[in-house]
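Trainee: everything below, folded, please.
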Amino acid sequence: MTDIRITAGDLVFLARLEHALAPETCRYFLSLLPYKTQFVHVRWSGEGCWVPLGDVPVPFTFENATSYPAPGQMIFYPGGYSETEILLAYGAVSFASKLGQLAGNHFLTIVEGLDQLPTLGKRALWQGAQDVLIESLS
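Mentor: Okay, here's the model as predicted:
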């Protein structure tokens, strides 16, 4: 089942929300949609794209948290040691900041378009921030 479409230029990904594993994170994320943002290549974490959110407070804490999201998994860090942020893994990731290792809530998994993830990551790395639209399919 797919709940979400992520569009970055000519790349389209379909994803499912992990409601059972991260219900509060999913509920909050849905309240943001449709969400226009930019994916920027990560600084510390490896092969991923992120959305820095600064000191934006969020109404949830840690649930289903991981430091090692698999390619196609999106995590939401609710802040604390580092700024609030969203990260999408396109390859090997060890989620961290300049202060050290972090863990974020795995709340979304890409189920269609995984083969396009390296293209998105390389574009963010070599061409800069990539415009992204995240929409609900329901």
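
Trainee: what residues sit buried inside stretch 5-23?
Mentor: For stretch 5-23, the neighbour count (16 or more other C-beta atoms under 10 Å) marks 5-6, 8, 13, 15-18, 22 as buried. For every residue, glycine as well, the C-beta is placed using N, CA and C.

Trainee: okay, those residues in TSV with secondary structure, pLDDT and distance to Val93 next?
Mentor: As requested, the buried residues of stretch 5-23 are exported to TSV (DSSP: H, G, I helix; E, B strand; the rest coil; pLDDT from 0 to 100; distance: C-beta to C-beta, whole Å):
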residue	secondary structure	pLDDT	distance to Val93
Arg5	strand	98	22
Ile6	strand	98	17
Ala8	strand	98	18
Phe13	strand	98	17
Ala15	strand	98	17
Arg16	strand	98	19
Leu17	strand	98	20
Glu18	coil	98	17
Ala22	coil	98	17
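
Trainee: which SSE is immediately downstream of whatever helix or strand Ile75 lives in?
Mentor: Following DSSP states H and E, one finds Ile75 within strand 73-77. As assigned by DSSP H and E, the chain's next helix or strand after strand 73-77 is strand 84-93.

Trainee: C-alpha coordinates for that following strand, PDB please?
Mentor: The C-alpha trace of strand 84-93 is given here as PDB (Å, rounded to 0.1, in the frame of the first residue of the first chain):
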ATOM      1  CA  THR A  84      15.100  19.000  14.100                       C
ATOM      2  CA  GLU A  85      15.500  17.300  10.700                       C
ATOM      3  CA  ILE A  86      14.200  14.800   8.200                       C
ATOM      4  CA  LEU A  87      16.600  12.400   6.500                       C
ATOM      5  CA  LEU A  88      16.100  10.100   3.500                       C
ATOM      6  CA  ALA A  89      18.700   7.300   3.000                       C
ATOM      7  CA  TYR A  90      19.700   6.600  -0.500                       C
ATOM      8  CA  GLY A  91      22.700   4.400   0.400                       C
ATOM      9  CA  ALA A  92      24.700   3.500   3.600                       C
ATOM     10  CA  VAL A  93      23.800   5.900   6.400                       C
END
